[in-house]
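Enquirer: Structure, please.
(chains A and B)
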Amino acid sequence: MRLRRCGANAVLVEVDSLDEVDAVRAALADADLPGLLDLVPAARTVLASFQPGSGGLARLQPLLDTVDLAVRAVSQPREVVLPVHYDGPDLDLVAQTAGMDVDGVIEAHTSAEYRVAFCGFAPGFGYLTGLPEALVQPRLDNPRKRVPRGSVAIAGEFTGAYPTASPGGWRLLGRTDATLFDPDREPAALLSPGDSVRFEAV
Amino acid sequence: MRAVTVLGTGPLALIQDLGRPGHAHLGVPPSGALDQPSLRLANRLVGNPESAAGIEALLGGVSLRAETSCTVAVTGPQVDVTVCGRVVGSHAPVHLAAGDEVTVGTPETGLRCYIGISGGVDGPLELGSRSTDVLSGLGPDALQRWDVLLLGTPGLPVGADEVTPVRAGNDLVIPVVLGPRDDWFAEPGRQLAEGRWKVSPESNRVGSRLVGTALRRQAAFQDVELASEGLVTGAIQVRPNGLPVVFLADHPTTGGYPVIGVVAADSLPWLAQARPGVRIRFRPMG
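Expert: Coordinates of the predicted model:
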């Protein structure tokens, strides 16, 4: 674990894997640190930023000394099920790459249990880990200018769903009618880091 | 109905309050007024809480018609303000009767004018804020002619009748705390201290893009890719061409290029007011 200074009021905690990111994120979230403003997990880091003058930053190092990176979060994750119409334009490509048929792809994608490792790219866009090995596939060579809202997709070790229409290079498996982000709803984002997610074919 | 009608918008007029910090883990940028002290001052002058929503007007140019009696104040750079053709000046509370029209001119220095209106601009809150976020699309659209802005309940305007505006300079020296990825760069402190930049016209609410000295990476990090990581406002991200971007309020919550240092928070309003062409130097600290 390595701490990297990030201005006067934030620190970037760097670790070696997504599992360790989850351990750090969960430990800091549960610690009730004074003045904690943002806790942003990413692929190999957790950014912790604090209100100026809150003293929270000084409490961070001693707390991190007690974190066991090998232990996953103890608190029970929230479970979210996303219904999916598996009719995406890249299903055949994904099946071909995986060496299975389309039904096999759907079976593989719906049978796994995923975890929201982190969010980014757009409000409510969750990067989900837990993808079966056969579905770990590269991005498209030519990203699309417009991926429709609700598209369910894979790229590298991640799967996820697009909260809004946007450009994107992930391989599209299908679409969900679930509202992934709604600023008028509480909570606004359907998926939050640490949540457990399953996909269900409809 | 307490309201003002927009008669003119200038190049870009947006509703801004103090933003929606604390949602970065959901991919939501902090947003909010880029020059927060100026918005807070405009609100204080018209008797609002400092956090009320006002108008952030790029290069001024906004005209409003009061549909009810209200108080307005224009802050940011010094700028001409007129009410029905009568010069009233910026940085002071100005009373408008129903039907009065207030017009903000174009500032000679600086970039963003703030208009506080008694009661504050009302409207739906999105994640606790009325701010327009140009990156994620949250918040209301940019103001258009004939938009009617509803106002909240007014407070009591303060007694101060005039405040000296801050003059935005053409040469800025900005203090920087090195990190989190300063070790990716050869002699990061010296490169930052000796480099010379100008604000690019490509700059916006997402970031102040700088042109000038290209920052060199250490040989060991020459072609290394960085896994995306969390960004704070004020982060100086260095693109593969070596040119820095200083992230402002509508910055993405994560980024995949190394951040050499972070601008001290109290310097961000200066960057918010820095026009294209303003000369920038950095002063690394600690």
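
Enquirer: need the residues of the stretch 1-150 of chain B near chain A, please.
Expert: Within reach of chain A by C-beta under 8 Å from any C-beta of the partner chain, the stretch 1-150 of chain B has these residues: B:21-28, B:124, B:126-127, B:136-138. In this view, the C-beta of every residue, glycine as well, is placed from N, C-alpha and C.

Enquirer: got those residues as a markdown table, with secondary structure and distance to residue A:150 columns?
Expert: Listed next are the residues of the stretch 1-150 of chain B next to chain A as a markdown table, based on DSSP: H, G, I helix; E, B strand; the rest coil; distance: C-beta to C-beta, whole Å:
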| residue | secondary structure | distance to residue A:150 |
| --- | --- | --- |
| B:21 | coil | 28 |
| B:22 | coil | 27 |
| B:23 | coil | 21 |
| B:24 | helix | 24 |
| B:25 | helix | 22 |
| B:26 | helix | 17 |
| B:27 | coil | 16 |
| B:28 | coil | 19 |
| B:124 | coil | 23 |
| B:126 | strand | 20 |
| B:127 | coil | 21 |
| B:136 | coil | 17 |
| B:137 | coil | 16 |
| B:138 | coil | 18 |
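
Enquirer: and the residue in the stretch 1-150 of chain B that chain A sits nearest to, bridged to which residues?
Expert: Minimum separation of the stretch 1-150 of chain B from chain A (C-beta to the nearest C-beta) falls at residue B:126, amounting to 3.6 Å. For residue B:126, the beta-bridge partners are residue B:129 (DSSP bridges).

Enquirer: How many neighbouring residues does it have?
Expert: Residue B:126: 22 surrounding residues under other C-beta atoms under 10 Å in any protein chain shown.

Enquirer: Tell me the spacing between the residue in the stretch 101-250 of chain B positioned nearest to chain A and residue A:140.
Expert: As assessed by C-beta to the nearest C-beta, chain A sits closest to residue B:230 within the stretch 101-250 of chain B, at 2.8 Å. Distance from residue B:230 to residue A:140, counting by C-beta to C-beta, to the nearest Å: 27 Å.

Enquirer: more neighbours, these two?
Expert: Set residue B:230 next to residue A:140 and count neighbours by other C-beta under 10 Å: residue B:230 wins out with 29 against 16.

Enquirer: residues contacting the residue nearest the centre of chain B?
Expert: Nearest residue to the geometric centre of chain B (C-alpha atoms, centre = their mean): residue B:34, 1.8 Å. Residue B:34 sits next to B:16, B:56, B:112, B:205, B:248, B:249, B:268, B:269, B:271, B:272 when contact means C-beta atoms under 8 Å, 6 or more residues apart in numbering or on different chains.

Enquirer: mind redoing it with 7 Å?
Expert: Counting by C-beta atoms under 7 Å, 6 or more residues apart in numbering or on different chains, residue B:34 touches B:56, B:112, B:205, B:248, B:249, B:272.

Enquirer: what do you get for residue B:211?
Expert: By C-beta under 7 Å, 6+ apart, the neighbours of residue B:211 are B:197, B:198, B:200, B:243.

Enquirer: Restricting to C-alpha, output the helix or strand hosting it in CSV.
Expert: Using DSSP states H and E, residue B:211 sits in strand B:207-212. Output in CSV follows, covering the C-alpha atoms of strand B:207-212 (Å, rounded to 0.1, in the frame of the first residue of the first chain):
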residue,chain,number,x,y,z
GLY,B,207,-10.6,22.6,-17.1
SER,B,208,-8.1,25.3,-17.9
ARG,B,209,-6.1,24.0,-20.7
LEU,B,210,-2.6,25.4,-20.9
VAL,B,211,-0.2,25.7,-23.9
GLY,B,212,3.5,26.2,-23.6
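
Enquirer: model confidence over stretch A:6-16, on average?
Expert: The average pLDDT within stretch A:6-16 is 96.

Enquirer: got a list of contacts for that stretch?
Expert: Contact with stretch A:6-16 is made by A:1-5, A:21, A:24, A:44-50, A:52, A:57, A:60, A:64, A:69, B:177, B:179-180, B:229-230, B:232, B:234, B:262, B:264, as judged by C-beta under 7 Å, 6+ apart.

Enquirer: Not counting residues beside it along the chain, what's closest to the residue of chain A most remote from its centre?
Expert: Centroid-distance maximum for chain A: residue A:53 at 31.0 Å, with C-alpha atoms, centre = their mean. Closest residue to residue A:53 apart from its sequence neighbours, by C-beta to C-beta, 6 or more residues apart in numbering or on different chains: residue A:35 at 7.7 Å.

Enquirer: Tell me the spacing between the one you found and chain B.
Expert: Distance, residue A:35 to chain B, by C-beta to the nearest C-beta, to the nearest Å: 11 Å.

Enquirer: where along chain A do the helices fall?
Expert: Assigned by DSSP state H, the helices in chain A fall at A:18-30, A:56-65, A:91-98, A:102-111.

Enquirer: if we can go back for a sec, specify the beta-bridge partners of the closest residue to the residue of the stretch 101-250 of chain B closest to chain A other than its chain neighbours.
Expert: The shortest distance from residue B:230 to any non-neighbouring residue, by C-beta to C-beta, 6+ apart, is to residue A:47 (2.8 Å). With DSSP bridges applied, residue A:47 shows beta-bridge pairing to residue A:12, residue A:40.

Enquirer: contacting residues around residue A:47?
Expert: By C-beta under 7 Å, 6+ apart, the residues touching residue A:47 are A:6, A:10, A:12, A:38, A:40, B:229, B:230.

Enquirer: mind checking the SS state of residue B:267?
Expert: The three-state label given to residue B:267 by DSSP: H, G, I helix; E, B strand; the rest coil is helix.

Enquirer: And residue B:114, by the same measure?
Expert: At residue B:114 the chain is in strand, as set by three-state DSSP.

Enquirer: Wait, it touches residue B:50, no?
Expert: No: counting by C-beta atoms under 7 Å, residue B:114 stays clear of residue B:50, with 11.5 Å between them.

Enquirer: So the two - more neighbours on which side?
Expert: residue B:114 (27 against 15).

Enquirer: per-domain residue ranges of chain A.
Expert: Following automatic domain parsing, chain A resolves into domains at A:2-64, A:79-201.

Enquirer: ditto for chain B
Expert: Using automatic domain parsing, the domain parsing of chain B gives B:3-150, B:171-285.
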